[in-house]
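K.L.:
Just the structure for this:
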Amino acid sequence: MVFTDLPITERIRRLTALDVQVEIWDWTRHDIEALVALRDEGAVFSSMTGYVRGGLVDPVAVADLLATAEESIPVAQRLGIPRLNLHGTGLDGEGLPVVPVQEVTGAMWLAARDTLARVAELGERHGVQFVLENLNLAVDHPGVPFARAEDCLALVAAVDSPHLRMMLDLYHAQIGEGNLIELCRRALPYLGEIQVADVPGRCEPGSGEIAYPAIARALAAMGYTGTIGMEAFASGDPTAAVRAFREAFTVDG
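P.N.:
Next up, the predicted model:
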C-alpha cells in the first residue's frame, strides 16, 4: 500500500531498507520465487492472506476455505510467514464480499465457530497461526458477515486456540465501533497482530483523527509486545509515512 508506483519487489526492498517487515495480500498474485529471493536478501515477511476463496458458513464455501488455507501454508512456510489472515467471508478484488450477507443468524454463528475450530486444527498440524481480521461495514466492506471487532473477538474466544487469534484492525474498528483502547484491552489475550491506519482516508498515523501515540502507550502499559502493521496508504511521501508510523509506535522507556 506504499511505494505503489514501484514493482512489488522494489517496494519490498524499500521497506526492508526502512527496517520494517512486509505484509502481503493474495499470494497467488505474486512470483513466490522472487519473494523467496528477497527473503534471502534480508526481507522479513510478517503476514499474508491465508486463503484464496471460501467462507465460514456455507458447506461448499467452507470446503473451499479449508482447501485453499491448506494450499497457502507451504507458501507461508517458504517465506517464513507466521500469520495467515482470514475474513468473515471471501472478498473480491474490491474488498467486497463474494456473497453479501444482510443478516447473520444463530445457526451461522455456530457454523462459523465450527469452521474456525477446523482452521485452528489445521494451523496446529502445520505449526502456523491463522488470524481473523475485523472489517468495517460502513465504508469499505458492506455485506461482510462477522465483520465487527466484537464479532471476531467472540468467535476467536469461542475457539480459544493459540493457532487462531485475532487480527485487530484499528482503522476498521474506529469506523465501526470506536473506544479503541478498551477494545485493545479486551482483545489482548486473543491478539495475533494489530493493524493500523488513520481515519478518514486510511493513511498513515498522524494523518487523521486517531491518537495513535496514546494507543501505543496504552498497549505498552498492557504488556502487548506483538506485531503492529501499517495497513495504510501514504498521504504524501511514502518514506515519510513509514517513518511517521514508526514514530507513533515508539514508546520511550
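
K.L.:
Could I have the CA atoms of stretch 214-227 written out in PDB?
P.N.:
Taking Å, rounded to 0.1, in the frame of the first residue of the first chain, the C-alpha atoms of stretch 214-227 are listed here in PDB:
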ATOM      1  CA  ALA A 214      -1.800   7.400  23.100                       C
ATOM      2  CA  ILE A 215      -2.900   3.900  21.900                       C
ATOM      3  CA  ALA A 216       0.800   2.900  21.700                       C
ATOM      4  CA  ARG A 217       1.400   4.000  25.300                       C
ATOM      5  CA  ALA A 218      -1.700   2.100  26.400                       C
ATOM      6  CA  LEU A 219      -0.600  -1.100  24.600                       C
ATOM      7  CA  ALA A 220       2.800  -0.900  26.200                       C
ATOM      8  CA  ALA A 221       1.200  -0.500  29.600                       C
ATOM      9  CA  MET A 222      -0.900  -3.600  28.900                       C
ATOM     10  CA  GLY A 223       2.200  -5.500  28.100                       C
ATOM     11  CA  TYR A 224       1.500  -6.000  24.300                       C
ATOM     12  CA  THR A 225       4.700  -7.000  22.600                       C
ATOM     13  CA  GLY A 226       3.300  -8.400  19.300                       C
ATOM     14  CA  THR A 227       3.500  -7.000  15.800                       C
END
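
K.L.:
For that stretch, which outside residues touch it?
P.N.:
The contact list for stretch 214-227 (C-beta atoms under 8 Å, 6 or more residues apart in numbering) reads 21, 46-47, 83, 170, 180-181, 184-185, 188, 191-194, 228, 248-251. C-beta coordinates here come from the backbone N, C-alpha and C atoms, glycine included.

K.L.:
From the residues you listed, which land in strands?
P.N.:
46, 47, 83, 191, 192, 193, 194, 228 (DSSP state E).

K.L.:
So which of those is the closest to residue 161?
P.N.:
Among these, residue 192 lies closest to residue 161 (C-beta to C-beta), at 11.1 Å.

K.L.:
quick one: that closest one from residue 183, how far?
P.N.:
From residue 192 across to residue 183, the span is 15 Å (C-beta to C-beta, to the nearest Å).

K.L.:
Between those two, tell me which one has more neighbours.
P.N.:
Remark: of residue 192 and residue 183, residue 192 carries more neighbours, 24 against 20, as counted by other C-beta atoms under 10 Å.

K.L.:
what sits against the nearest residue to that one once chain neighbours are set aside?
P.N.:
In this structure, residue 192 finds its nearest non-sequential neighbour in residue 165, 3.1 Å apart by C-beta to C-beta, 6 or more residues apart in numbering. For residue 165, the contacting residues are 83, 129, 130, 131, 132, 156, 190, 191, 192, 193, by C-beta under 8 Å, 6+ apart.

K.L.:
Apply 7 Å and report the result again.
P.N.:
129, 131, 156, 190, 191, 192 (C-beta atoms under 7 Å, 6 or more residues apart in numbering).

K.L.:
Which member of these is positioned nearest residue 205?
P.N.:
Comparing the contacts of residue 165 against residue 205 with C-beta to C-beta picks out residue 191 as the nearest, at 18.3 Å.
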